[in-house]
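J.: following is a predicted model, sequence given first.
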Amino acid sequence: MNKQLAMVIDSSLCIDCKACTLACKIENNVPDGYWRNWVKRSEPDFTNPEWMNHRTPLHFQPGGCMHCEAPTCVQACPTGATYKDDAKDGAIKVDPKLCIGCGSCIPACPYGARYKHPTKNIVDKCDYCEKRRERGELPACVITCPTKARVFGDINDPNSDAALLLKKNQSIRITNKESDTKPNMYYLSATAPLNWPVKAKMPDAIQLWKLVGPLIWGVVGLNALGVLVMLGKQLLITDKEPDTDISRKETRRS
Amino acid sequence: MTQTLIHRHTRLSIFMHWFNAGCWIFLLLTGLGLIRNDDLQPFPFWPTMLRTVFGGGGNLLLAHELIGITWAGGFLLYGIIRLKSDVFPFIRDIFTVDIRRDFLWLITKGIQMTLGYKLLGVVAEKFDFNPKIPDQGFYNIGQKIFAIPAVFGGMVIAASGIVMILSQTGNADTEWVQWAIVIHFITVGLVFAGLLIHVFMASIAAGEKPAFISMFTGTVPEDYARHHHKLWLDEFKKS
Ligand code: HEM
Ligand code: SF4
Ligand code: SF4
């Protein structure tokens, strides 16, 4: 079976120290004002007396690009610069040499996982620290987390930490009902917040392309057919221009 | 049999034509290879194959951009140095339309190309019009109908291409870039559809061989000119 890298997160362990977001920023040179990953928090519900029994009324939830199984970002990219690398590890990647920074993929992600890099002018997002993994190391956020809330690995390998954790526990995926991208980020159940992913938005221009594309191909096809008909006619039928007769008759008539 | 040869194209305009054709073929093939999206690419094998040949999508993009800039830059230069001698006369030629004459040309030529002269005679008899294909000027209306979108389409293609280049230098708003990509595709598609007819008419269609040869030699035999572009020949003789 192909590799499928994924993250399994026990958000109840997260203490909101944000070490993962800093480690990521440093590791990947993420520019000022942008983040590749995040820690979200639930709205504290003080009306529920139960909160007194918890250690905290808040719940913290680490996240990042979810390397989805049905990624809407890939559906939005015209060139395949954003793609799912099934041959290698199943992660969603951006080819920096092919991306032109059109930004179509940014609103197409329900999780806000992408941004346009202000100096590289291409789209950037989590790549599970591909360079570190090539050296055999874990992603920066995973290795940094002091409580080991983020667990990372190949979930198709039954002996990986991620697969084992997933097997032992009930888990959920956080999705927007209207755009279920089948994220490869699993949260051990009872995580919060849950309602934050937005509906994926295909840019208008890309939508128009998907609509008129078949029309354009149709026009090209029709013209190609026309050429074939003319060619056939030319090859099969000898068609001599009639001279004098018709012309003379016509001259008389006109 | 010796024939008087009439000058039709200058050497530089012949060069520009084949420069254009060469660039177009390269840009069409590489451009098609840049589209890789399940909903947008009817021939998915093509981008896969081309990316292997070029050693990755990044190289393919770079090649497309370099030839595209060469093509647009070449025409910009040509347009500047030959503005008065070539560009203005060309624009005037392709926009000079004699509605009645040219409409009749389209009808009669269209029937002849598809049904043949015999049926053209029959149809003309039935609908009572002159089946003689009307005389034409330097370009016939069929050529003009292709040339106008080819010229303006070319400008749209170049402009949208430049917007995409500017995206990579951080000088274009993403929304503009997204529209540029779609406009680039639609314009190329429509001009390409016309190009199929153009290439057929210019290199395969019966009776057009002298025009094809003129795109290398620059001259056409007088008989050909009289038959295909009589109004131009008359004008030419006068001057
Ligand atoms: C290999 C393919 C091509 C062939 C064989 C070809 C052939 C020709 C010939 C023989 C002419 C001269 C017609 C005359 O003397 O009246 C011509 C003109 C022209 N060509 Fe091409 N051509 C090709 C590709 C292209 C491409 C890619 C374009 C760009 C869209 C183009 C645009 C034009 C235009 C605008 C004219 C002038 C108007 C016309 O004759 O339609 N050609 N071509
Ligand atoms: S989280 Fe967003 S950017 Fe990441 S794979 Fe899913 S849709 Fe794409
Ligand atoms: S910005 Fe996104 S959609 Fe545009 S080319 Fe880059 S990866 Fe593809």
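T.: Sure, I can see it. Numbering: from 1, shown residues only, chains lettered A, B, ... in the order given. Ligands and ions are numbered 1, 2, ... in the order given.
J.: next up, phi/psi of the one residue in the stretch 51-200 of chain A that gets nearest to chain B, please.
T.: Nearest residue of the stretch 51-200 of chain A to chain B: A:Lys97, at 2.4 Å (C-beta to the nearest C-beta). Every C-beta, even on glycine, is put in place using the N, C-alpha and C of the backbone. For A:Lys97, the backbone dihedrals (degrees, to the nearest 10) come out as phi -80, psi -20.
J.: need the contact list for it.
T.: B:Gly56, B:Gly57, B:Gly58, B:Asn59, B:Leu61, B:Leu62 (C-beta atoms under 8 Å, 6 or more residues apart in numbering or on different chains).
J.: how many residues are close by the residue in chain B that chain A sits nearest to?
T.: Using C-beta to the nearest C-beta, the single residue of chain B nearest to chain A is B:Gly58, 2.4 Å away. When neighbours are defined as other C-beta atoms under 10 Å in any protein chain shown, B:Gly58 has 16 of them.
J.: pretty sure it belongs to a helix, no?
T.: Yes: assessed with DSSP: H, G, I helix; E, B strand; the rest coil, B:Gly58 lies in a helix.
J.: who touches it in this structure?
T.: A:Asp95, A:Pro96, A:Lys97, A:Leu98.
J.: isn't B:Leu196 right up against A:Leu225?
T.: No: with contacts defined as C-beta atoms under 8 Å, B:Leu196 does not count as touching A:Leu225, sitting 9.6 Å away.
J.: so which of the two has more stuff around it?
T.: Using other C-beta under 10 Å, the more surrounded residue of B:Leu196 and A:Leu225 is B:Leu196, with 18 against 11.
J.: tell me which element the more buried one is part of?
T.: helix B:174-203 (DSSP states H and E).
J.: off-centre distance for that helix?
T.: Distance of helix B:174-203 from the chain centroid (C-alpha atoms, centre = their mean, to the nearest Å) equals 11 Å.
J.: hmm, that helix in reach of ligand 1?
T.: Yes: judged by C-beta under 6 Å from any ligand atom, helix B:174-203 comes into contact with ligand 1 at B:Val191, B:Leu195, B:His198, B:Val199, B:Ala202, B:Ser203.
J.: for the last one, which non-adjacent residue is spatially closest?
T.: Closest residue to B:Ser203 apart from its sequence neighbours, by C-beta to C-beta, 6 or more residues apart in numbering or on different chains: B:Phe212 at 5.4 Å.
J.: A helix includes that neighbour, no?
T.: Yes: B:Phe212 sits within a helix when classified using three-state DSSP.
J.: highest neighbour count among the contacts of B:Gly58?
T.: In terms of neighbours by other C-beta under 10 Å, the contacts of B:Gly58 top out with A:Leu98 at 23 neighbours.
J.: just to revisit the earlier point, report the buried members of the contacts of A:Lys97.
T.: B:Gly57, B:Gly58, B:Leu61 (16 or more other C-beta atoms under 10 Å in any protein chain shown).
J.: and of those, the nearest to ligand 1?
T.: Closest to ligand 1 out of those is B:Leu61 (21.2 Å), distances taken as C-beta to the nearest ligand atom.
J.: so that closest one makes contact with B:Arg36?
T.: No: using C-beta under 8 Å, B:Leu61 makes no contact with B:Arg36, being 11.2 Å away.
J.: give me phi/psi at B:Ile6?
T.: phi -110, psi 130.
J.: where's the nearest residue to it once chain neighbours are set aside, which helix or strand?
T.: In this structure, B:Ile6 finds its nearest non-sequential neighbour in B:Ala225, 5.0 Å apart by C-beta to C-beta, 6+ apart. Here B:Ala225, judged by DSSP H and E, is contained in helix B:222-228.
J.: hmm, that helix in reach of ligand 1?
T.: No: Helix B:222-228 does not reach ligand 1 (C-beta under 6 Å from any ligand atom); its nearest approach is 7.9 Å.
J.: list the buried residues for the helix or strand just after that helix?
T.: Later in the chain than helix B:222-228, the nearest helix or strand by DSSP H and E is helix B:230-238. Buried residues in helix B:230-238, counted by 16+ other C-beta under 10 Å: B:Leu231, B:Trp232, B:Leu233.
J.: and A:Trp196, how far from A:Lys125?
T.: 17 Å (C-beta to C-beta, to the nearest Å).
J.: how many neighbours does B:Ala21 have?
T.: Neighbours around B:Ala21, by other C-beta under 10 Å: 15.
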